[in-house]
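Participant: What follows is a predicted structure for the sequence shown.
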Amino acid sequence: MKAEGASKIALALSAISEKGDVMTLASGSFVGIKGTEWGQFSMNGTTLSRPPENAQLRLLIAGSYSHLWFDRIELARTADERSTKPFDQLDAPNLTLALDPRHQAQAVVENTGGKQVRFQPVLLAFDDKRLSEAELWGVNQVQPESISYSAILTSQGDAAAVQFQASGYDNGYFTDHGLHLAWNAKQGGGSTMAVDVILPLPPGATIGVADRRGYPMALDRDQVHAYAYATISELMVNETGLSVSFPRGAVVWFDLSRPGELVATVRSAQSGERKKMEIDVNTRPLMFARLYDRLYDEAVRLIEAEHYSAAEVRLKYLTGGNRADPDLPVLRNAAEKLNEIDGHRKQLGASVDAAWEKAESQRNKPTLVAAEGLVRQYIAQFPGDDVIDEMNDRLRKLETWTAELALEAKTPAEMAEAEKKAKSLYDDAQASYEAGKILLALVILDTIFADYADTSQYHNAQALKEEIDKSLADVAEQNRVIDEELKGIDEDIKFKDYERGRKRCLELFRRFPDTARTRDIMKRLRAIEDAFDD
């Protein structure tokens, strides 16, 4: 070949079958063609299937030149048929990836139901006009994990090179893995990468898309071209069982002109990655799983902020009936969170009721402050509950009682006398507790709570009450003490020291007034009374 006035020459050699099917064998571009010298130029190509029999050859020429001469064109086979089969180790059990023998650059993904989605790479100008044609893509190289293509760009007098890679990937939601497909334009001047996604569109089928945040939307196929498309994250024909998603978002153009097919031309939404296109294929849509995950994350953040009613609304939506993909872990997690909220509601409600009863009976400053705090907490955390009207009513009463209490404040002299009396009562309660007279200690403490809650001894009395309650609640410690005392009472009965034994029984009753061992103590007391009767 030689030329005059040439800067770059692009060539594509195709085989056309008797049926008109086109297989592009090789394509490429050449520079350095001098006007007075003949040069030898070569292109290499690979066919993924046997070329058609009795084919005609077509040579396409594009570029910038004034004259172009060809001396000879040769087509030679340079390798045997044992070419490497790509993508035979993909981890996607419910999906298969193949290449269309009639369109070597077209990838075909099929599910177990026989439904297919096709992917045809497209090169676009920066004004989104098409530069490449589906028939003019040739295969340069085949490797186990990738295929390299070339395509002649007749309008630019150039050829582009694109690498296609495929791998299995874990989508993070379902147990069955999907396919990750990636195209990368390695050469091609001022072109950007896009892909035609070709989905079957049966009669009556619905088109589903998800916006960039993953929110699902249903499109009316009769009005689909009325939409001004922005970036989307997922696309599917709902009846096919195949979902196509775009990890970093895609700008989409729809074409419904082909009978029974939906063609979506997608390119990257990232301005800095216009020479790449990444697509994930799954057997189920991610849009609902992504929506559920986002709602669940919102609910968790609301729980952390103690906005339980708002969190509950989201969790109840997730656990409601007719949710898509009910086996998703996030839905089970939502049910567990609902149980946690319900448990917290019951616990807080019980605390509010207990504090309310104490405030209603004692009406001192500490009990009123404690009850008001718990009521306000319930109103803030569960504003959507049916009992909020009752809680607001309680809050108004507590505010009224607090105001009335302020009018009844003691004079300094009365306060000093109250402090003195409260200190004496507290000392008596502590001495009674240390002497094992728990019932008496509790009675004295109740007097402090009721009549001397505005003194400094109130908090000391509360601490002693908690200590007593803890000792009464420790069953193992109770049983140890009771067993030791019963052993001594049995010795008193054996040696007929009935008066001492009776006194020790009564002390046990006073110390543990509500123990489950009352029957054991009563048996000893009856034995002593029977001895007195005799």
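Facilitator: Nice, thanks for sending it over. Numbers count the residues shown, from 1 in each chain.
Participant: what about the stretch 201-350 of the chain, any weak spots by pLDDT?
Facilitator: By pLDDT under 70, the weakly predicted segments of the stretch 201-350 of the chain are 219-230.
Participant: hey, where'd the strands end up in it?
Facilitator: Ranges of strands in the stretch 201-350 of the chain, per DSSP state E, counting those that start in this stretch, are 207-211, 216-219, 231-237, 242-255, 261-268, 276-282.
Participant: could you redo those as CSV and give each row distance to residue 496 and mean neighbour count?
Facilitator: (C-beta placed from N, C-alpha, C; glycine too.) Listed next are the strands of the stretch 201-350 of the chain as CSV, based on distance: least, Cβ to Cβ, whole Å; neighbours: other Cβ atoms under 10 Å:
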stretch, distance to residue 496, mean neighbour count
strand 207-211, 90, 20
strand 216-219, 88, 14
strand 231-237, 91, 23
strand 242-255, 91, 20
strand 261-268, 101, 20
strand 276-282, 88, 22
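Participant: so can I have CSV of the ones you listed showing distance to residue 65?
Facilitator: Below are these laid out as CSV (distance: least, Cβ to Cβ, whole Å):
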stretch, distance to residue 65
strand 207-211, 46
strand 216-219, 48
strand 231-237, 42
strand 242-255, 34
strand 261-268, 32
strand 276-282, 32
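Participant: wait, which of these is closest to residue 524?
Facilitator: With Cβ to Cβ, the closest approach to residue 524 among the strands of the stretch 201-350 of the chain belongs to strand 216-219: 74.8 Å.
Participant: Which residues does the closest one contact?
Facilitator: With Cβ atoms under 8 Å, 6 or more residues apart in numbering as the test, strand 216-219 has contacts from 206-211, 227, 238, 285, 287-288, 291.
Participant: Residue 110: what secondary structure?
Facilitator: strand (DSSP: H, G, I helix; E, B strand; the rest coil).
Participant: Quick one: residues contacting the spatially closest residue to it that is not a sequence neighbour.
Facilitator: With sequence-adjacent residues excluded and distances taken as Cβ to Cβ, 6 or more residues apart in numbering, residue 110 is closest to residue 116, at 4.7 Å. The contact partners of residue 116, by Cβ under 8 Å, 6+ apart, come to 108-110, 200, 242.
Participant: among the residues you listed, who's most crowded?
Facilitator: Counting neighbours by other Cβ atoms under 10 Å, residue 242 comes out on top of the contacts of residue 116 with 25 neighbours.
Participant: The closest residue to that one other than its chain neighbours: what secondary structure?
Facilitator: Closest residue to residue 242 apart from its sequence neighbours, by Cβ to Cβ, 6+ apart: residue 117 at 5.0 Å. Following three-state DSSP, the label given to residue 117 is strand.
Participant: Tell me the predicted confidence for residue 38.
Facilitator: Looking at residue 38, its pLDDT is 87.
Participant: if I read this right, it contacts residue 71, doesn't it?
Facilitator: Yes - counting by Cβ atoms under 8 Å, residue 38 touches residue 71, with 6.0 Å between them.
Participant: Compare these two (neighbour count), which wins?
Facilitator: Set side by side, residue 38 and residue 71 show more neighbours around residue 38, with 12 against 9, by other Cβ under 10 Å.
Participant: Run through the residues that contact the more buried one.
Facilitator: Counting by Cβ under 8 Å, 6+ apart, residue 38 makes contact with 1-2, 71.
Participant: Please dump those residues into CSV; it should also carry pLDDT for every row.
Facilitator: What follows is these, written out as CSV (pLDDT from 0 to 100):
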residue, pLDDT
1, 89
2, 89
71, 90
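Participant: could I get stretch 359-377 in CSV with only the CA atoms?
Facilitator: Extracted as CSV, the C-alpha positions of stretch 359-377 are listed here (Å, rounded to 0.1, in the frame of the first residue of the first chain):
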residue,chain,number,x,y,z
ALA,A,359,-45.1,10.6,92.8
GLU,A,360,-48.9,10.3,93.2
SER,A,361,-48.6,8.9,96.7
GLN,A,362,-45.6,10.8,98.1
ARG,A,363,-45.7,14.1,96.1
ASN,A,364,-42.3,15.3,97.1
LYS,A,365,-39.7,17.0,95.0
PRO,A,366,-37.5,14.0,94.1
THR,A,367,-40.4,11.7,93.2
LEU,A,368,-42.0,14.5,91.1
VAL,A,369,-38.8,15.3,89.3
ALA,A,370,-38.1,11.6,88.6
ALA,A,371,-41.6,11.0,87.3
GLU,A,372,-41.6,14.1,85.1
GLY,A,373,-38.3,13.1,83.5
LEU,A,374,-39.5,9.6,82.7
VAL,A,375,-42.8,10.9,81.3
ARG,A,376,-41.0,13.4,79.1
GLN,A,377,-38.7,10.7,77.9
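Participant: what's the spacing between it and its chain's center?
Facilitator: Distance of stretch 359-377 from its chain centroid, counting by Cα atoms, centre = their mean, to the nearest Å, is 41 Å.
Participant: buried sites along that stretch?
Facilitator: For stretch 359-377, the neighbour count (16 or more other Cβ atoms under 10 Å) marks 359, 362-368, 370-372, 374-375 as buried.
Participant: ok, back up a step: which neighbours do residue 38 and residue 71 share?
Facilitator: In contact with both residue 38 and residue 71: 1-2, using Cβ under 8 Å, 6+ apart.
Participant: and the gap between the residue nearest to residue 110 and residue 385?
Facilitator: 52 Å (Cβ to Cβ, to the nearest Å).
Participant: quick one on the thing from earlier: out of the strands of the stretch 201-350 of the chain, nearest to residue 344?
Facilitator: Residue 344 lies closest to strand 216-219 among the strands of the stretch 201-350 of the chain, at 31.9 Å (Cβ to Cβ).
Participant: Show me where the stretch 51-200 of the chain dips below the pLDDT cut-off.
Facilitator: Counting by pLDDT under 70, the stretch 51-200 of the chain contains low-confidence residues at 80-84, 189-190.
Participant: For it, which segments count as strands?
Facilitator: Using DSSP E, counting those that start in this stretch, the strands of the stretch 51-200 of the chain run over 56-64, 67-69, 95-99, 107-111, 116-124, 137-143, 146-153, 158-169, 178-187, 192-200.
Participant: Just name the most buried of the ones you listed.
Facilitator: Highest mean neighbour count among these (mean count of other Cβ atoms under 10 Å): strand 146-153, with a mean of 24.
Participant: That one pairs with which strands, parallel or anti?
Facilitator: Under the criterion DSSP bridges, strand 146-153 sits next to strand 137-143 (antiparallel), strand 158-169 (antiparallel) in its sheet.
Participant: my read: residue 120 touches residue 106, true?
Facilitator: Yes - using Cβ under 8 Å, residue 120 is in contact with residue 106, at 4.8 Å.
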